[in-house]
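**Student:** Sequence below, structure please.
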Amino acid sequence: MKKILTVLLALLTMAVLATTVAAEEPATLKVSFGEAVYNEDGTVSMDLIVDENPGFAILSVFLDYDTNVITEWKAVNANSKLTQTAGYGLIYSMDGNFTETGKIATITFTLVENAPHGNLVVTLLDGVNFEGTPNRDCVNYDEETINVEVEDGTIAIAHDLVHVEAVEATCEKEGNVEYWYCKDEACGLVWEDEALTIVSNHKNVKRGVKEHTVVAMDAVAPGCHNTGNVAYWFCSVCNAVWTDEECTQVSNHLSVVLPELGGDVIHVEAKAATKEEEGVKEHWYCEECEKVWEDEARTQLSNHKNVIIPKLPEFALADVNGDGEVNGLDYMLVKRHVLGTHEMTEEQSARADLDGNGVIEGLDYMFVKRAVLGTWPVVEDEPDAGEGENTENTEGENTDASDAE
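**Tutor:** Purely as a prediction, here's the structure:
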């Protein structure tokens with residue numbers, strides 16, 4: 001029985017002790033900074049905020065920060081119960097328990113000129129006395145200790161950002177990735193993302209010059225009337241030129257050209273064809289290289305065969321379709337050929353080439369028309385061919401050609 005009473009007494013003692021410890025566990029007060037507010041005079045303000053307040057009579061906190069950036073600070077409290085210590089502390093001394101929550105002071109910080117960019121942390125520490133040295137941090141009016149949980153504040157000093165678009169590197173110049181940098185020389189930071197989380201530098205964002213896209217050109221011997229060139233290589237992107245395959249001997253497109261050798265160009269006058277001999281178109285040719293051109297500027301390249309006009313045929317001129325008669329059908333064939341709505345055969349063209357110049361044109365059309373009307377060939381005392389004639393307006397003529405259509 002005695003042992004049972006001893007055990008019960010021990011258990012009762014432990015319960016009392018546990019209750020006493022639980023009763024003595026101090027309450028907790030939360031102290032934090034609000035968001036930073038940037039003032040027009042260049043200072044920055046943050047509210048000092050209390051939350052979950054069990055009621056306190058004295059509260060002391062300590063501010064820790066980079067003194068190279070913050071030169072001074074000042075706390076303002078509406079109820080004048082706040083004392084700023086000689087050091088970096090704040091002490092609240094109340095006449096009774098203060099139980100409100102929310103802002104209890106506004107602290108304004110003065111920063112150095114051209115403060116370094118980034119997040120400046122202001123740390124809250126609990127417990128200083130009036131001399132600025134650590135002391136009991138928070139008690140209520142009954143002098144019971146209250147735990148203080150603190151949360152630091154952050155002053156974001158903004159960068160003066162410049163955004164650089166991505167540029168593709170070429171064989172002429174280097175490129176870069178898209179990036180952002182602070183143009184403040186004292187800062188000089190570089191990032192590869194708009195959120196400023198991927199820190200880089202001006203060297204890493206560059207992209208080097210690409211290799212050339214090289215095209216090889218074989219050597220071409222010059223002619224009498226055409227230039228040649230030495231063998232060379234060039235870049236199809238930047239147009240750089242080299243005279244060696246390793247692309248070490250720099251040149252240019254003019255320097256690789258070999259000039260024309262030159263040659264005598266002979267001018268041949270036009271000559272009409274007859275039944276007895278061929279004619280020839282006006283042309284120019286070189287005796288050395290035998291090139292032929294149909295214009296003096298030597299832009300219309302031809303050959304000796306193409307400038308020859310065949311002999312006139314042994315059949316009747318103007319009988320274009322070769323049916324033994326000159327009538328509206330012949331007239332209509334030439335008309336449509338001249339207008340471009342029908343192409344005559346080589347034999348039909350020879351029969352229609354009444355002026356013998358090898359080309360079917362308006363004058364031949366007019367001669368065939370007159371042959372149909374019985375006024376061709378022209379006698380010596382007759383006016384020049386085509387005088388007074390309208391070779392373009394052929395619509396409405398009352399000839400056999402109308403019936404032929």
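**Student:** Neighbours of residue 337, how many?
**Tutor:** 20 (other Cβ atoms under 10 Å). Where C-beta positions appear, they are placed from N, C-alpha and C, glycine not excepted.
**Student:** In this structure it contacts residue 351, no?
**Tutor:** No: Residue 337 is not in contact with residue 351 according to Cβ atoms under 8 Å; the separation is 11.5 Å.
**Student:** ok, and the closest non-adjacent residue to the most centrally placed residue in the chain?
**Tutor:** Central residue of the chain (Cα atoms, centre = their mean): residue 167, 7.5 Å from the mean position. Nearest residue to residue 167 in three dimensions, chain neighbours excluded: residue 175, at 4.3 Å (Cβ to Cβ, 6 or more residues apart in numbering).
**Student:** is that neighbour in a bridge, and if so with what?
**Tutor:** Judged by DSSP bridges, the bridge partners of residue 175 are residue 207.
**Student:** measure it to residue 199 for me?
**Tutor:** According to Cβ to Cβ, to the nearest Å, residue 175 stands 21 Å off from residue 199.
**Student:** can you check residue 237 too?
**Tutor:** With Cβ to Cβ as the criterion, residue 237 and residue 199 are 34 Å apart.
**Student:** secondary structure class for residue 348?
**Tutor:** helix (DSSP: H, G, I helix; E, B strand; the rest coil).
**Student:** ok, it - how many residues close by?
**Tutor:** 20.
**Student:** likewise residue 342?
**Tutor:** 13.
**Student:** What is the three-state secondary structure of the nearest residue to it once chain neighbours are set aside?
**Tutor:** Once flanking residues are discounted, residue 342 sits nearest to residue 336: 3.7 Å by Cβ to Cβ, 6+ apart. With three-state DSSP as the basis, residue 336 sits in helix.
**Student:** So for residue 336, what's the pLDDT?
**Tutor:** Note for residue 336: predicted pLDDT of 90.
**Student:** if we can go back for a sec, in terms of neighbours, single out the busier of residue 175 and residue 199.
**Tutor:** Taking residue 175 and residue 199 together and counting by other Cβ under 10 Å, residue 175 has the greater number of neighbours (15 against 11).
**Student:** quick one, what contacts that one?
**Tutor:** By Cβ atoms under 8 Å, 6 or more residues apart in numbering, the contact list for residue 175 reads 166, 167, 168, 169, 206, 207.
**Student:** any chance of these in TSV, plus pLDDT and distance to residue 103?
**Tutor:** As requested, the contacts of residue 175 are arranged in TSV below (pLDDT from 0 to 100; distance: Cβ to Cβ, whole Å):
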residue	pLDDT	distance to residue 103
166	95	46
167	94	50
168	91	54
169	91	55
206	95	49
207	92	51
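**Student:** Show me the two of the residues you listed that sit farthest apart.
**Tutor:** Across the contacts of residue 175, the longest distance by Cβ to Cβ is 12.5 Å; it joins 168 and 206.
**Student:** ok, the two, which is more surrounded?
**Tutor:** residue 206 (15 against 9).
**Student:** Let me see the contact set for that one.
**Tutor:** 174, 175, 176.
**Student:** Looks to me like residue 181 is in a strand.
**Tutor:** Yes: the assignment for residue 181 by three-state DSSP puts it in a strand.
**Student:** Please read off the pLDDT at it from the model.
**Tutor:** 93.
**Student:** May I have the beta-bridge partners of it?
**Tutor:** Bridge pairing for residue 181 (DSSP bridges) gives the partners residue 162, residue 190.
**Student:** Touching, it and residue 204? I think so.
**Tutor:** No: using Cβ under 8 Å as the test, residue 181 is too far from residue 204 to be in contact (11.6 Å).
**Student:** shared neighbours, the two?
**Tutor:** residue 190.
**Student:** Looking at the two, which one has more neighbours?
**Tutor:** residue 181 (20 against 12).
**Student:** show me what contacts that one?
**Tutor:** 161, 162, 164, 188, 189, 190, 191, 202.
**Student:** mind showing which ranges of this protein have poor pLDDT?
**Tutor:** 1-24, 78-80, 85-88, 126-137, 313-315, 377-405 (pLDDT under 70).
**Student:** Now which of the contacts of residue 181 would you call buried?
**Tutor:** Neighbour-count burial (16 or more other Cβ atoms under 10 Å) is assigned, among the contacts of residue 181, to 189, 190, 191.
**Student:** any chance of those residues in JSON lines, with distance to residue 74 too?
**Tutor:** Formatted as JSON lines, these follow (distance: Cβ to Cβ, whole Å):
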{"residue": "189", "distance to residue 74": "31"}
{"residue": "190", "distance to residue 74": "36"}
{"residue": "191", "distance to residue 74": "34"}
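**Student:** Out of the residues you listed, flag the one nearest to residue 291.
**Tutor:** residue 190 (63.8 Å).
**Student:** Which parts of the stretch 201-350 of the chain are helices?
**Tutor:** 328-339, 346-352 (DSSP state H, counting those that start in this stretch).
**Student:** and the longest one, what does it pack onto?
**Tutor:** Packing contacts for helix 328-339, counted by 3 or more Cβ pairs under 8 Å, 6 or more residues apart in numbering; DSSP states H and E, involve helix 346-352, helix 362-373, helix 400-404.
**Student:** Report the distance from the second one to the chain centre.
**Tutor:** Its chain's C-alpha centre and that of helix 362-373 lie 64 Å apart, by Cα atoms, centre = their mean, to the nearest Å.
**Student:** what comes up buried for it?
**Tutor:** 363, 364, 365, 366, 367, 368, 369, 370, 371, 372.
**Student:** can you pull the contacts of the fifth one?
**Tutor:** The neighbourhood of residue 367, defined by Cβ under 8 Å, 6+ apart, consists of 318, 354, 355, 376, 385.
**Student:** quick one: which of those is nearest residue 118?
**Tutor:** For the contacts of residue 367, the nearest to residue 118 is residue 355 (93.6 Å; Cβ to Cβ).
**Student:** what about the helices and strands packed on helix 328-339, which gets the closest to residue 122?
**Tutor:** helix 362-373 (99.0 Å).
**Student:** Present the contacts of residue 206 as TSV; the columns should include distance to residue 359.
**Tutor:** Shown next, in TSV, are the contacts of residue 206 (distance: Cβ to Cβ, whole Å):
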residue	distance to residue 359
174	61
175	59
176	64
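**Student:** of all the residues you listed, which comes closest to residue 26?
**Tutor:** Distances from residue 26 to the contacts of residue 206, taken by Cβ to Cβ, are shortest for residue 176, at 58.8 Å.
**Student:** Fine, thanks again, bye for now.
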